[in-house]
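Asker: starting from these lines, generate the structure:
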Amino acid sequence: MKSKIQEYLKTNKLNVSKTLFKTTLLIIVITGFISCKNESKQGNPKSSSNNEVAQTMELAFTNETIGKQFQHYIHLKTALVNTDVNEARSGAKMLMENTDDAASKEMLSKISESDDIEVQRTVFSDVTEKMGKLVKGSLSSGEVYQQFCPMAFNNKGGYWLSTEEEIRNPYFGDRMLKCGKVTETIRK
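Answerer: Model (predicted):
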């Protein structure tokens, strides 16, 4: 009788542990989702993006070419925010025409030739890394915000640049438009 009781307790203890683990995991996943919940239904991402294009004009760079590149970068980012494959292709082509960097041209070529928004978004992350270095080295007036979404790329996270503090996530578009945070303000 004693061994049956001990066996019963071991089995139930294991089931309780499994249930507790599953519950904890579920809470973590839900908390992460809620923290990046899409609040975009309240606003139009396209109208906000128009503000960003206007604010890009107010920036000054020590190198005019980098200023043009950044404008096209914002065009590309805005297209991804709006989940617009064709406009992303267009923005990538314009940016590609304004750079002499072979690695950048190769990345931008992938975006301009792709019909898959997720492929475009993945390559955009690499474009952002290069653009961030250019902006940090040549911004002469204004502010550029480096932003980060921890949930991008299967929770590995992804950065992008913006002229607005307000989050407009290019990696999820309207699915999770406001998921992210400002991690750095780039100034002269």
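Asker: so where do the helices sit in this protein?
Answerer: 2-35, 45-57, 64-81, 85-97, 102-113, 117-138, 152-155 (DSSP state H).
Asker: worst average pLDDT in those?
Answerer: Per-segment mean pLDDT for the helices of the chain reaches its minimum on helix 2-35, at a mean of 49.
Asker: relative to residue 145, how far out is residue 185?
Answerer: Per Cβ to Cβ, to the nearest Å, residue 185 is found 6 Å from residue 145. Every C-beta, even on glycine, is put in place using the N, C-alpha and C of the backbone.
Asker: which one of these two has more residues nearby?
Answerer: Neighbours were counted for residue 185 and for residue 145 using other Cβ atoms under 10 Å; residue 145 has more, 18 against 10.
Asker: which strand residues bridge the more buried one?
Answerer: Residue 145 has the following beta-bridge partners by DSSP bridges: residue 162, residue 185.
Asker: that one reaches residue 164, doesn't it?
Answerer: Yes: at 6.9 Å, residue 145 and residue 164 qualify as touching, with contact defined as Cβ atoms under 8 Å.
Asker: next, count neighbours for residue 114.
Answerer: For residue 114, the tally of surrounding residues (other Cβ under 10 Å) stands at 18.
Asker: leaving out chain neighbours, which residue sits closest to it?
Answerer: If the residues on either side of it in the chain are set aside, residue 114 comes closest to residue 120, at 5.4 Å by Cβ to Cβ, 6 or more residues apart in numbering.
Asker: what residues are up against that neighbour?
Answerer: By Cβ atoms under 8 Å, 6 or more residues apart in numbering, the contact set of residue 120 is 80, 85, 88, 89, 92, 111, 114.
Asker: could you rerun that using 10 Å?
Answerer: Listed by Cβ atoms under 10 Å, 6 or more residues apart in numbering, the contact partners of residue 120 are 76, 79-80, 83-85, 88-89, 91-92, 110-114, 127, 170.
Asker: cool, residue 62 as well?
Answerer: If you count contacts by Cβ under 10 Å, 6+ apart, residue 62 has them with 137, 138, 139, 140, 141, 188.
Asker: ok, so of these, who is nearest residue 68?
Answerer: Taking Cβ to Cβ as the measure, residue 138 is the one of these closest to residue 68, at 11.7 Å.
Asker: and the closest one, how far is that from residue 126?
Answerer: Taking Cβ to Cβ as the measure, residue 138 falls 20 Å from residue 126.
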